[in-house]
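>>> Provided below for reference: sequence and predicted model.
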Amino acid sequence: MSDSRNKRMILYSVLFAVSAVFYLFWYWHDGIVITPDAQSYIDMISARDPGYSFFLWICRVFAGWEGYQQLAVILQCLLAAAAASAITVGLSRRFNLHWLGTIGVLVIQYGITLLNRFVAQRRYSYYNSIETEAITYSIWVFFFLNLLGIIYDHKKKNVIMAFVWAIILMSTRKQMIVAFGLLFLCLAASWWKDKKWYLAVLSAGVIVILGFAGTRLLDCTYNYGVRGVFAPHTGDSSFILGTEIYVADKDMVSYISDKENQKLFLEIMNRADALEYNAGYAGKGWHNIEEHYSSSYDRIKFDIVNVVIREEQISQGMNDQERELDANRIMNEMMKELLVPCIPGMFKIFCSNIVHGFVTTVLKVHTVLNWVALFLYIAYTGMIIYLFKMQSGRERGQSSACMAIVVLTAIAVNVVGTSAAIYPQMRYMLYNTGLFYQAAWIMLIEIYRKGRK
């Protein structure tokens, strides 16, 4: 083993130990946080993606019902420590950072947790909670490091590992379909010079299709093991249906063909209107629209749509398994039939979501901070352009500006993808927050080095 590799392993071990203490401290101090979504994963309901439910089940196998949550949180904290160490060592090695640069990368990684614990509304570290983000934030870091390997090193092992991490991410959170979008773009960009452009795009597309197939296979296999049915999980239609109900009006009942579904739709609309969970009650301006929409979205899905359908099913004497399949059918039919008439209203929400998502990724939405966020993006882009102008062709290929472009692309893909399906609340946007500031920090170091030459 070379001296440089030995040094990296020693650095990684030290950082892992320090990071483990840092993340486990919040578990010791705050205990286990049971989030509103936790029970649905604990119960392994069919509407949830399989990854996190399977993780909790594995913890129950080893620790039993009394200790599985403690084991889950400890593993989540250790995974976060591994991710913090990996991103710090990985970026330090790739960009030849000195000790101050390395510490800066680690501090930014810790800083996201500190902001969540002391500044954000939630007031807790995600890693000591029972929710998908407790593992997906860390897995996203490993995925991103392999994307950098694809862009900078063009190695097959990075393609394989990014592919595997993307499947795990999407199997844990449907939102992480954005990982495959980002993987496609990075593969196409990496292979562009070596292959003809259409072969690069085609090859990247085949890998992404295989990834989707792998995710579906895992999903169906999981459901076969849990429920004896080789089928994907249910409930995906509810994501779009929630937005459709928000922008719809009662006259759209004419687009629904089934009489029973018409009755359910009108009841849903009446209850949403009574509670003012409708776009007509939102104020003017993108921030007011986004704020009202985000506060109404989950209530529409869980307190109205699910409840109305469940009440009808109970009146018909359906059992639990029949209810899940029937609810999925009803929501899927409604979603498809309401999609076209709801497109204008949904597009307005989509545009508001995008603005909100870009701001939330780097700062908190606020009248003043919104403009600061715009300045940060402009300055960030300016540093990319400056570095490329100052570097030769070979230098550009190894510049931190390439990482910054990958981060900016990841932000755009995540914001657009999430905005199209749900809404960009902070926990959905945090995946790239640390990476944004780490890339900016490294670009500043590179610019400083250029200035000294």
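Now that the structure is in, tell me what you want to look at.

>>> In terms of pLDDT, where does Phe144 sit?
For Phe144, the pLDDT comes out at 98.

>>> same check, this time on Gly393
68.

>>> what do you get for the one 4 residues further on?
At Gly397, the model reports a pLDDT of 72.

>>> Quickly note the distance from it to Ile330.
Plainly put, Gly397 is 53 Å away from Ile330 if you go by Cβ to Cβ, to the nearest Å. Quick note: C-beta positions are derived from backbone N, CA and C, even for glycine.

>>> With neighbour numbers in mind, choose between these two.
Neighbours per residue, other Cβ atoms under 10 Å: of Gly397 and Ile330, the larger number sits with Ile330, 22 against 13.

>>> Could you confirm that one falls within a helix?
Yes - per DSSP: H, G, I helix; E, B strand; the rest coil, Ile330 lies within a helix segment.

>>> so it makes contact with Lys263?
No - with contact defined as Cβ atoms under 8 Å, Ile330 does not count as touching Lys263 (11.0 Å).

>>> quick one, what contacts the closest residue to Thr243 other than its chain neighbours?
Nearest residue to Thr243, sequence neighbours excluded (Cβ to Cβ, 6 or more residues apart in numbering): Met346, at 5.6 Å. Residues near Met346 by Cβ atoms under 8 Å, 6 or more residues apart in numbering: Thr243, Glu244, Val247.

>>> Include neighbour count, secondary structure and pLDDT when you put those residues into CSV, please.
Output for the contacts of Met346, formatted as CSV (neighbours: other Cβ atoms under 10 Å; DSSP: H, G, I helix; E, B strand; the rest coil; pLDDT from 0 to 100):
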residue, neighbour count, secondary structure, pLDDT
Thr243, 27, helix, 92
Glu244, 22, helix, 93
Val247, 22, helix, 93
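
>>> Among these, find me the one that's closest to Glu311.
Glu244 (20.3 Å; Cβ to Cβ).

>>> list the contacts for that closest one?
Counting by Cβ under 8 Å, 6+ apart, Glu244 has contacts Met334, Met335, Leu338, Leu339, Cys342, Met346.

>>> How much space separates the fifth one from Ile349?
From Cys342 over to Ile349 the distance is 10 Å, taken as Cβ to Cβ.

>>> what is in contact with those two at once?
Joint contacts of Cys342 and Ile349 (Cβ under 8 Å, 6+ apart) are Thr243, Val247.

>>> worst-scoring helix or strand of this protein, pLDDT-wise?
helix 393-397 (a mean of 72; mean pLDDT, DSSP states H and E).

>>> Make a markdown table out of the contacts of Met346 and add distance to Lys301.
Conversion of the contacts of Met346 to a markdown table gives the following (distance: Cβ to Cβ, whole Å):
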| residue | distance to Lys301 |
| --- | --- |
| Thr243 | 10 |
| Glu244 | 11 |
| Val247 | 14 |
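
>>> between those residues, which is nearest Tyr448?
For those, the nearest to Tyr448 is Thr243 (45.7 Å; Cβ to Cβ).

>>> The closest one contacts Ile349, correct?
Yes - shown here, Thr243 and Ile349 form a contact pair, counting by Cβ under 8 Å, at 6.2 Å.

>>> what residues are shared contacts of the two?
With Cβ under 8 Å, 6+ apart, Thr243 and Ile349 have common neighbours Tyr293.

>>> Let me see the domain layout of this structure.
Using automatic domain parsing, the domains assigned to the chain come out as 1-131, 140-229, 237-350.

>>> residues of stretch 353-364 that come out buried?
By neighbour count on 16 or more other Cβ atoms under 10 Å, the buried set for stretch 353-364 is Asn353, Ile354, Val355, His356, Gly357, Phe358, Val359, Thr360, Thr361, Val362, Leu363.

>>> quick revisit: and the least confident helix or strand of the chain, what does it pack against?
Judged by 3 or more Cβ pairs under 8 Å, 6 or more residues apart in numbering; DSSP states H and E, helix 393-397 has no packing partners among the helices and strands.

>>> Okay, strands next: where are they in this structure?
Applying DSSP state E to the chain gives strands spanning 33-34, 129-130.
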